[in-house]
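> Quick one, what's the 3D model for this:
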Amino acid sequence: MSPDVDLTALRPGPLRDRLLALDSRVFEFAAARNWPAAEPVLPRLSRSANHGVLWFATAAALAAAHTPRSRRAAARGLASLTLASLTINTLGKRSVRRTRPVLDPVPRVRQLKRQPITTSFPSGHAASAAAFATGVALESPAWGAAVAPVAWSVALSRVYTGVHFPSDVLAGAALGAGAAFAVRGLVPTRAQIVPPARPRAEVPALPEGEGLVMVANTASGTAERVRALHDGLPLAEIVECEPDLVRVELEKAAARATVLGVCGGDGTVNAAAEIALRHGVPLAVLPGGTLNHFAYDLGVEGARDLTRAVQRGEAVRVDAGRFTSDGREGVFVNACSLGVYPELVRERERWSKRIGGWPAGVLGALRVLRADRHPLEAEFRGRARPLWLLFVGNGTYHRMGLTPGRRTDLADGRFDVRVVHGGRRPALRLLAAAVAGPLTRSPAHAAVQVGRLRLSGVAPGTLLAYDGEVTDVQGEVLLEKLPEALTVYRPLPGS
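The predicted model follows:
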């Protein structure tokens, strides 16, 4: 169809005439029908959806729910809306030049104060509504069910106020839903990327939670999550403590527990993993911090997931990483790094209690990147070189660029190593690495997957960050895999 086709000027035909006549009759029927309680609602709802304002506000409300699934649903909804809007404005409106309906049959009280001046086919409001609602539903069916009535009402309001024919709305909704599925094709939902349920581990099933001792770091705001866990596992022992007592309580719990549980951020989980390894007990992780990389990569997003796994005795064995340097040794389950990131961690910890975790992270990054410093000098893979950052992930991260994303296999026996080489303007080099592919090699950055890593010539006092903790290293730093060393509860796919 050419860009300037007028839908009403297409060559006459019996089918086309019947469809247009039906469209007009349905529009007139809607205009003549009495809609109880719709007058104060639908016109306002229609206006609120102008320029996507309603959906941006809805996305903000979803993100404020502070659950990973709601945040992902909000992001997917907005991405779907963006694609739908681009498609409608670049192709839809320009391909079919259909005039708006005549407003004579529509009661004046329903009409919008400002009438649209664009062409009628397809409905952009219906496309945005369907795209956002479908995108949300693909990530979270529960949130999708909550958003769907609003989206349906917005689409309906376009016929109710007389600015669109019914076919305009149906076509817009179909395009919007298609945009959401196109986004899913480009970026699969978390439900589509299921971590492999291997290697499975034999662990005790605790239907009521008896034998589970859960240590919760109260500084992480864990009270609500712990209460939800206790509802499902009433015989579990819950120990809530301040950060400086977490390690002590974890040691006590590991000595008497059948299963060691932990609720807190990545640093708290790191301590629990190290103690569980040493005592040889399985670990149950309830996410309770800001990032919760390890728990989320396991597929444990909240108390419901962990409760199901503990009740049914579902668990897997996962790799751990170990670093040694100058007599120091540590274990990590997420990642460790040298260079600017450990300094960022210290800055973030310094400010987080005052302004919160995420703002502290942004402030820390700005302060670290603006500081006048020299890159880290170390021998990496047999060659001495300056490094701004060395990131070592415990398992392969599946996201483009330097920023770690999700790991779909926590027992792959590999370290995911990403390097930003030294040079001028570290901020630009870090930004380039963040947007580049993980296997990109350039003078600024590189990425490899290895099973073991040795660094030499590390200057005394160099900072190493591991799972949010920071320590000093020097001389030689050796990083080794501990294959399938840790047993962790997680819900198995299809269970």
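> Now the element after the helix or strand bottoming out on mean pLDDT in the chain, going C-ward?
Ranking every helix and strand in the chain by mean pLDDT, DSSP states H and E puts helix 426-435 at the bottom, with a mean of 51. Toward the C-terminus, helix 426-435 is succeeded by strand 445-450 as the next helix or strand (DSSP states H and E).
> any idea how far the residue nearest to the spatial centre of the chain lies from residue 91?
The chain has residue 72 as the residue nearest its centroid, 4.7 Å off, counting by Cα atoms, centre = their mean. Residue 72 sits 28 Å away from residue 91, going by Cβ to Cβ, to the nearest Å. For glycine as for every other residue, the C-beta is placed from the backbone atoms N, C-alpha and C.
> Residue 449 and residue 414 touch, don't they?
Yes. If you go by Cβ atoms under 8 Å, residue 449 and residue 414 touch, sitting 4.5 Å apart.
> overlap in contacts of the two?
residue 396 (Cβ atoms under 8 Å, 6 or more residues apart in numbering).
> can you give me the strands for the stretch 151-300 of the chain?
212-217, 237-241, 259-264, 283-287 (DSSP state E, counting those that start in this stretch).
> Which one, of these, ends up nearest to residue 23?
strand 283-287 (50.9 Å; Cβ to Cβ).
> between that closest one and strand 212-217, how big is the angle?
40 degrees (axes from the mean of the first three to the mean of the last three Cα atoms, to 10 degrees).
> Please export the C-alpha coordinates of strand 283-287 as CSV.
What follows is strand 283-287, C-alpha atoms only, in CSV (Å, rounded to 0.1, in the frame of the first residue of the first chain):
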residue,chain,number,x,y,z
LEU,A,283,22.4,-23.4,51.8
ALA,A,284,18.9,-21.7,51.4
VAL,A,285,19.1,-18.1,50.2
LEU,A,286,16.3,-15.6,50.6
PRO,A,287,17.0,-12.4,48.7
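> What are the contacting residues of that strand?
By Cβ under 8 Å, 6+ apart, strand 283-287 touches 212, 214, 216, 222, 225-226, 229, 259-263, 269, 272-273, 276, 294-296, 298, 300-303, 306, 309-310, 486-489.
> how about a cut-off of 7 Å?
212, 214, 225, 229, 259-263, 269, 272-273, 276, 294-296, 298, 300-303, 306, 310, 486-489 (Cβ atoms under 7 Å, 6 or more residues apart in numbering).
> And for stretch 101-111?
27, 28, 31, 32, 39, 43, 160, 161, 162, 165.
> and the fifth one, how many neighbours?
The one in question is residue 39. Using other Cβ atoms under 10 Å, residue 39 has 14 other residues around it.
> my read is it is in a helix, agree?
No. Applying DSSP: H, G, I helix; E, B strand; the rest coil, one finds residue 39 to be coil, outside a helix.
> Use 30 as the first number for this chain going forward.
With 30 as the first residue, the last one maps to residue 68.
> and it, how far is that from residue 521?
Residue 68 is 52 Å from residue 521, by Cβ to Cβ.
> what do you get for residue 211?
Counting by Cβ to Cβ, the gap from residue 211 to residue 521 is 31 Å.
> Ok, residue 160 next?
On the measure of Cβ to Cβ, residue 160 and residue 521 end up 33 Å apart.
> swap in residue 506?
In terms of Cβ to Cβ, residue 506 sits 36 Å off from residue 521.
> what about those two, which has more around it?
residue 506 (24 against 18).
> So that one lies in a strand, does it not?
Yes. Assessed by three-state DSSP, residue 506 belongs to a strand.
> Does it touch residue 484 like I think?
Yes. Using Cβ atoms under 7 Å, residue 506 is in contact with residue 484, at 4.3 Å.
> Do I have it right that residue 101 meets residue 168?
Yes. Look at residue 101 against residue 168 with Cβ under 7 Å: they come within range, at 4.9 Å.
> so what sits against both of those two?
Common neighbours of residue 101 and residue 168 (Cβ under 7 Å, 6+ apart) do not exist.
> what about the strands in the stretch 330-479 of the chain?
344-354, 357-361, 364-368, 405-409, 412-423, 426-427, 435-436, 444-450, 474-479.
> Relative to residue 105, which of these is closest?
strand 435-436 (14.6 Å).
> average pLDDT for that closest one?
Mean per-residue pLDDT for strand 435-436: 79.
> I'd like to know which elements it is packed against.
Judged by 3 or more Cβ pairs under 7 Å, 6 or more residues apart in numbering; DSSP states H and E, strand 435-436 is in contact with no other helix or strand.
> where along the stretch 130-279 of the chain do the helices fall?
153-168, 170-189, 195-215, 252-261, 275-285 (DSSP state H, counting those that start in this stretch).
> for the shortest one, which positions count as buried?
In terms of neighbour count (16 or more other Cβ atoms under 10 Å), helix 252-261 has its buried residues at 254, 255, 257, 258, 259, 261.
> low-scoring pLDDT stretches of the stretch 330-479 of the chain, where are they?
Filtered on pLDDT under 70, the stretch 330-479 of the chain yields the residue ranges 371-404, 406-411, 428-434, 450-474.
> quick one, what contacts residue 129?
Going by Cβ under 7 Å, 6+ apart, the list of residues near residue 129 reads 145, 149, 192.
> Just read off the phi/psi values of it.
Taking degrees, to the nearest 10, you get phi -70, psi 160 for the backbone angles of residue 129.
> just to revisit the earlier point, by neighbour count, which of the contacts of residue 129 wins?
residue 192 leads the contacts of residue 129 on contacts (other Cβ under 10 Å) with 23 neighbours.
> thinking again about what came up before, for the strands of the stretch 330-479 of the chain, which one ends up most surrounded?
strand 364-368 (a mean of 25; mean count of other Cβ atoms under 10 Å).
> give me the beta-bridge partners of residue 495?
residue 365, residue 498 (DSSP bridges).
> Likewise for residue 243?
In beta-bridge terms (that is, DSSP bridges), residue 243 pairs with residue 267, residue 290.
> Run a quick neighbour tally on it.
Residue 243 has 28 nearby residues by other Cβ under 10 Å.
> Check the spacing between it and residue 419 real quick.
35 Å.
> Residue 131 too?
Per Cβ to Cβ, residue 131 is found 68 Å from residue 419.
> same check, this time on residue 171
41 Å.
> same check, this time on residue 292
31 Å.
> Sketch out the low-pLDDT regions of the stretch 130-279 of the chain for me.
133, 138, 221-227.
> In contact with residue 359, which residues?
352, 495, 500.
> May I see the residues you listed organised as CSV, with distance to residue 414 added?
What follows is the contacts of residue 359, written out as CSV (distance: Cβ to Cβ, whole Å):
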residue, distance to residue 414
352, 20
495, 22
500, 23
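> Looking at the residues you listed, spot the one nearest residue 113.
Closest approach to residue 113 among those (Cβ to Cβ): residue 495, at 42.9 Å.
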